[in-house]
Each structure stands twice: as structure tokens, then as C-alpha cells.
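Peer 1: Sharing a model that was predicted from the sequence below.
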Amino acid sequence: MNESNTSYMGLNSGLFPKSEKVQGEKTAVSQAKPGLLSRRKIFQRFMFFLFRLSAAINGIALLIIIYFLVVRGWRAINWTFLTQPPMDSMTKGGIFPCIVGTLCLSLGAILVALPIGVASAIYLNEYAKPGRILRIIRLGINNLAGVPSIVFGLFGLAFFVVWLQFGVSILSGALTLGAMTLPVIIGASEEALRGVPDTYREASLGLGATRWQTIYKVVLPTALPGILTGAILGISRAAGETAPIMFTAAVFFTPAMPSSIFDEIMALPYHIYVLATAGTEIEATRHLQYGTALVLIVLVLGLNLIAIIYRAHLRRKMH
Amino acid sequence: MDDLIKMTAKDLDFYYGDFHALIDISLDFYENQVTALIGPSGCGKSTLLRCLNRMNDLIDVVALRRRVGMVFQKPNPFPKTVFENVAYGLRVNGINDKAFISERVEKTLRQAALWEEVKDRLHDSALGLSGGQQQRLCIARAMAVEPEILLMDEPCSALDPIATQKIEELIHQLKKTYTIIIVTHNMQQAARVSDITGFFYLGKLIETDKAETIFTRPKFTQTSDYITGRFG
């Protein structure tokens, strides 16, 4: 009993101060029902181990992914790779147009989705009266979140590319990606708005502010760090998606840099897909595929990092 | 009582859905007096307070609320700087004159007996202040727009005795300028700070009178049972 106690206490000692009284009680109880207590303890240790394992698997999975990408891709990465367009039927050269394209697409997507998403969340959380319409809108948002990305791609092709005649372009791709990230942003923004205490709203109204002033000057600034979290998730998702852009924005190969939002572009995820499935030398370009994937991951993590630092800065300013 | 009546509730009924929360309330509030509303939880005293600046309505009654300031149960400064908290009411009411705002902020913080404690940290977050300081900041924030009436909903219930004493001293000071209506669960506090006390029970105003009368010779047994702690 005592042995298991000490090893277990390694986790526990920080949580429960080892006062004489607690120890005394423990002994008394364990004398009364030794079997039961130790079985409960073992069960608890087992469950806690499972929880810890589950949490660890997350971290380990990310580490393994990064490890593989680094090991297989780092050789491909050099100055030429990052600054030149692909050459020799995409078996040599770099991925610069893809980096530019993915940056354009994800920033474009967030420019589309953030205002609409935040505005929707404000409506849903601050204005909307509960009822049938609100239920239908919520149902719509939840279903939007469940739509497969390839369906967004086809929708973008039919609606933006063909019907609105935007063509295969940054604009079509950003709009499609924006539509896809909307539910993420609405969800995170609503969560953040719900987290703003009602007493802030009451205090503001009590000072003679209108409801709009209250939202604009108190509620939104307080919710901003949480909304930014949604934007981070949205950008990461948009940057990495292949299916929504393959019919709407990305092309197999174009050496030219985009000069307007109506230009077609290359993009990192689509480039990986193309090299790995339809390239002229699939096996010989493996290192280029892994190198591109590594760049994509670093780009996404980099975007996240910028937003996280900014969010931390906002939080510090508030507290 | 020949004082001036500042605000009046007349035949007021209030419902939360089917629940009849306030039943036929008629009550006068006198200028430069402190009126305390006491009674057990759920008796409707906070509801009455929220009716007085129409916080329960979902409409914009901006003009009224500018004249009726409110201080809440828990200190709720905005996550902004001390200065911006006090300036907020001025800004939302369309005042942009910087000199005027900083003058008013200082004056209000002095009135709230907070200036000496925060003058060096005006531009730090208000959330860094102690609970008692935060509540005095909230009072200052309410006073900055120069309302005529201050509503206080159990303003000391989240504070320790020393902070409570400071707020009570402040209330004594403020009644020279304002008409104050305070909801409290603390009998001693009602006796200490109020000139007039109203006792509520189950949505009804049972009795209202001068505080010393209520606390020494109440007319109704319900009132005396409550203030002597026999129920509630």
C-alpha cells in the first residue's frame, strides 16, 4: 500500500499537501477496507495512465510527421528551391510560385471568411432572437462544417469559376476556401463572444452606450484573442487544403507570378499532389515532394506562430 | 417627508414569463437620500433596481441610462486601462475633447476616493486592481457621466470588510450629490447607510419607512422577523 502510495505520489504530491492529518485519515481508511481502496487506487492509476497516453499520442504523432518530413525532405531545401520556379518538367528547380500561391490563397481566404464569420457570430450571439430562423441558420452552419472539401471544390468550380465567370483564379480559390473555413471561424468567434461576461454588456449599457457601441467597444475587443484563435485555425486549414483549389485556383504548372486576383497560380498542396501522382518522374522527385511538404508545414506553423504571438500580446495588454 | 421626490415607481408589476416577480410596487425615492431595498433572495429587489434604469428591457434607452448610473454586485471593470474605464461613458456619449476627458476622469476618481491609489497606474489594466479598488472604479465609471441617480446592486457582497467600509464611507459622501438606491443583503449595512429602507417579500413591498424606524419599530411582524434574522 505504502509503496504504491509513494510512487503514485510522484504525480500527486504537487496537488495535495502532505499534511499529517491527511496521512492519518488515509491509514485509518485503508485499515478499514484495504482491498477496496487499493483496487480503486489501481483503477484510478490505470485510467489516468490512459488519459496521459492519449494526450501523449497527439504530440508524438506531430513529432513523427515532422521527423519524417525533415529526414526525407531537408536535402531538397536550398536557396534555389525556395526562390526559383520548377524546371525541367518539374524534376528540378524550386517551388517559389507555389509558396506565393499558397500565401495568396490562405490570406485571401481569411480576408473573405473573417469579416463574414465574425459578423455572423455577432448576429447569432448578440442580436438574434431564439426561434425557428436561428435554428435553421445554425443547422446550416453545422452542415457546412461537415461538407467534404472536394464538394467545396466542385461548388467553387460551378459557382465562382463558371457561373460568376471569375475563371480559375486566386479570387475563385480564395472564395471557395473562405466558404470552407467559415464554420470554423463562426464557431470560434461564437465561443469567444459567449466567453465575454454579461456584466460587461450591462455595465456598458448602463453607462448609456448603445448596443452597437457596446459590441464594438467592449465585447469585440474582449473576444478578440478567441476570435484570432479561430482565424489561426482557419488559415491553417485553408493553406493545407488541396481539393477546394484544384478546380478553382491551382494549375499544374505556371512559371509566371500572379499579377492580379484573376490569375491562376500554383499552390503547395496541389504541387505535392501533382508531383506524387501525375509527375513525369514520380520516384525521382520524392525528395522534392517531401521538401515541398516540409515547406508547407513550416509555412502553416509560421502563420500560426505569428497569430499566437499577437494573441499573447493582446492578452497581456488586457490583464 | 418634505424632501424632493427624484424618482417614483407607481403600481409597478413585473413578470418573468409567467412568474409575477414584482406585484403592485409603489415607492418614492427622495433626492440626496440613500434608499435601501432589503429582503430575502428572490423577493424582487434587484428586479426593481433593474426596472429603474430599464436594464431588463431589450431596447436602447440611452438617454435614461445616462441619467441613472448603475453599480453591479461583482466589480466588473472592462478589460481596459483604469483611465479608459472611467472615460468610457464619456466617449460613448460622444465626448472627444481630450482635456475635458482627463479632467473629468481625475475629478471622478477623486470623488470615488480612488485617485491617490491609482494616479500612477492610470494606464495599466483595471483588472490589476484589488476587488475593492475595482468596485470604487466601477462607481467612478458610473459617476463620470454625471448621472442624477446611482443604483447599487449589492455593491459590497463580493468585498472584504475593509473594502466594504470604504464603499460605505463613499456612499455617505456621494449622497450630497446623488440620489442613491441600494440593494443589500446586509442588515447592518442597510441600517448604516440608508435614510429610507424598503422591505420586500415575495415580490411585494411590505413596508417602507425611515431606516431608524424600520430597524427599531417596524410595523409588520414579517419585517421584524426578517431584520432580526428569524428567516431569510
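Peer 2: Thanks, I have it.
Peer 1: Break down chain B into its helices, ranges please.
Peer 2: Along chain B, counting by DSSP state H, helices occupy B:45-52, B:62-67, B:82-92, B:98-111, B:115-118, B:131-143, B:161-174, B:187-193, B:211-216, B:221-227.
Peer 1: can you list the weak-confidence ranges in chain B?
Peer 2: Applying pLDDT under 70 to chain B flags residues B:1-2, B:58-60, B:232.
Peer 1: so who does B:K119 touch?
Peer 2: B:K119 makes contact with B:E106, B:L109, according to Cβ atoms under 8 Å, 6 or more residues apart in numbering or on different chains. Every C-beta, even on glycine, is put in place using the N, C-alpha and C of the backbone.
Peer 1: which parts of chain A sit against chain B?
Peer 2: When proximity is defined by Cβ under 8 Å from any Cβ of the partner chain, chain A lies next to chain B at A:197, A:199-200, A:202-211, A:213, A:217-218, A:221-222, A:317-319.
Peer 1: Which ones among those residues lie within helices?
Peer 2: A:199-200, A:202-206, A:211, A:213, A:221-222, A:317-318.
Peer 1: pLDDT and neighbour count added to these, as a markdown table?
Peer 2: What follows is those, written out as a markdown table (pLDDT from 0 to 100; neighbours: other Cβ atoms under 10 Å in any protein chain shown):
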| residue | pLDDT | neighbour count |
| --- | --- | --- |
| A:T199 | 89 | 17 |
| A:Y200 | 92 | 17 |
| A:E202 | 88 | 18 |
| A:A203 | 90 | 26 |
| A:S204 | 90 | 25 |
| A:L205 | 87 | 23 |
| A:G206 | 86 | 28 |
| A:R211 | 87 | 17 |
| A:Q213 | 91 | 20 |
| A:P221 | 92 | 16 |
| A:T222 | 92 | 20 |
| A:K317 | 73 | 13 |
| A:M318 | 71 | 16 |
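Peer 1: Residue of the stretch 51-200 of chain A closest to chain B, please.
Peer 2: Closest to chain B within the stretch 51-200 of chain A is A:T199: 3.9 Å, counting by Cβ to the nearest Cβ.
Peer 1: Is A:L294 in contact with A:Y67, as I believe?
Peer 2: No. Using Cβ atoms under 8 Å, A:L294 is not in contact with A:Y67, being 10.9 Å away.
Peer 1: Of these two, which one has the most company?
Peer 2: Using other Cβ atoms under 10 Å in any protein chain shown as the criterion, A:L294 and A:Y67 rank with A:L294 on top: 20 against 11.
Peer 1: what about the more buried one, helix or strand, and which?
Peer 2: Per DSSP states H and E, A:L294 falls inside helix A:286-318.
Peer 1: Go through that helix and flag the buried ones.
Peer 2: Residues A:286, A:288-297, A:299-300, A:303-304, A:307, A:311, A:318 are the ones in helix A:286-318 that count as buried (16 or more other Cβ atoms under 10 Å in any protein chain shown).
Peer 1: Likewise for stretch A:153-162?
Peer 2: Applying a neighbour-count criterion of 16+ other Cβ under 10 Å, one finds A:G153, A:F155, A:G156, A:L157, A:F159, A:F160, A:V161 buried in stretch A:153-162.
Peer 1: The second one and B:I227, how far apart?
Peer 2: Going back to what we said before, that points to A:F155. 69 Å (Cβ to Cβ, to the nearest Å).
Peer 1: One more: the fourth one?
Peer 2: A:L157 sits at a distance of 76 Å from B:I227 (criterion: Cβ to Cβ).
Peer 1: now do the fifth one
Peer 2: A:F159 is 71 Å from B:I227, where distance means Cβ to Cβ.
Peer 1: Alongside chain A, which residues does chain B contribute?
Peer 2: Counting by Cβ under 8 Å from any Cβ, chain B sits next to chain A at B:53, B:55, B:60, B:62-63, B:65-66, B:69-70, B:72, B:74, B:76, B:78-80, B:88-89, B:91-93, B:125, B:127-128, B:138, B:141-142, B:145.
Peer 1: Only the buried subset of the residues you listed, as a ChimeraX command please.
Peer 2: Only the buried members of the residues of chain B next to chain A end up in this ChimeraX selection, burial being decided by 16+ other Cβ under 10 Å:
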select /B:53,55,60,62,65,66,69,70,72,74,76,78,79,80,88,89,91,92,93,125,127,138,141,142,145
